[in-house]
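Colleague: here you go, sequence then predicted model.
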Amino acid sequence: MNNFKLIFRQLWRNRLFTLLNIVGLSIGISACWVIFRIVNYEFSFDQKQPDKELIYKVHTSYLENNKTDNFDGIPAPLPAFVKDNLSDMALSVPIFNQYFERVSRPNQANNPLIFEDQKNIFGTTSDYFKLTDYRWLQGNKDHVFKQPNEVVLTESRAKLYFPKQELANIMGKTLSYDSTLFTVTGIVEDLTYPSSFIGK
């Protein structure tokens, strides 16, 4: 007990330095925690993705004026060429970032719902759902994109576009992406882990 009193008196006598040490220690621990969380988050991407070590992203590198530049994209015909000509490739999945000024529900004269500048809208093929680990809530990955202008939504995006509706009732509904009509043919659960596959 006397030792604790002695320590406390010593700390109180030098309370300015004690306070500075405590604040410095708190800042150091907090900084270490923040750095750990950032690094842990970055290294957690796609860790739960099946066969992640077999998935490769293709990008474009080109030489111009003796300088190499990189472009995070490829020519549109390349995925089909790879699929048809490289026999050791299990899947070739194009993912095209698409921008639409607005997404809306047609035939909603009394209560029009319009969503502007929606992010993470991608054009792809049905092979996308063979590659990714989505859990299907409605529809079937083997039966999507058989017809033109089909759309598969994540659960969060489906609830945004069709509030207060059961997921089963959303199937077959129509969405307008700018002026093009798409039919909802599938709904998947949002991925619960950090992933490179961010389509909604």
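Modeller: In hand now; what should we look at? Here the structure is a predicted model, which means the values were calculated and not measured. Residues are numbered from 1 along each chain as shown.

Colleague: going by C-alpha atoms from here, please, whenever you check contacts or count neighbours.
Modeller: Will do.

Colleague: does Y99 belong to a helix, a strand or coil?
Modeller: coil (DSSP: H, G, I helix; E, B strand; the rest coil).

Colleague: and C32, backbone torsions?
Modeller: When read as degrees, to the nearest 10, the backbone of C32 gives phi -60, psi -40.

Colleague: centre of the chain to the longest strand along the chain, how far?
Modeller: As assigned by DSSP state E, the longest strand anywhere in the chain is strand 180-188. Centroid displacement of strand 180-188 relative to its chain, using CA atoms, centre = their mean, to the nearest Å, is 19 Å.

Colleague: buried residues in it?
Modeller: 181-188 (16 or more other CA atoms under 10 Å).

Colleague: farthest-separated two in those residues?
Modeller: L181 and V188 (20.2 Å; CA to CA).

Colleague: could you look up the SS state of Y193?
Modeller: Under three-state DSSP, Y193 comes out as coil.

Colleague: pLDDT weak spots in the chain?
Modeller: Counting by pLDDT under 70, the ranges of the chain that qualify are 1-4, 7, 11, 108-111.

Colleague: show me where it has helices.
Modeller: 2-13, 15-43, 78-85, 128-131, 155-161, 167-170 (DSSP state H).

Colleague: ok, T60 to D72 distance?
Modeller: 6 Å (CA to CA, to the nearest Å).
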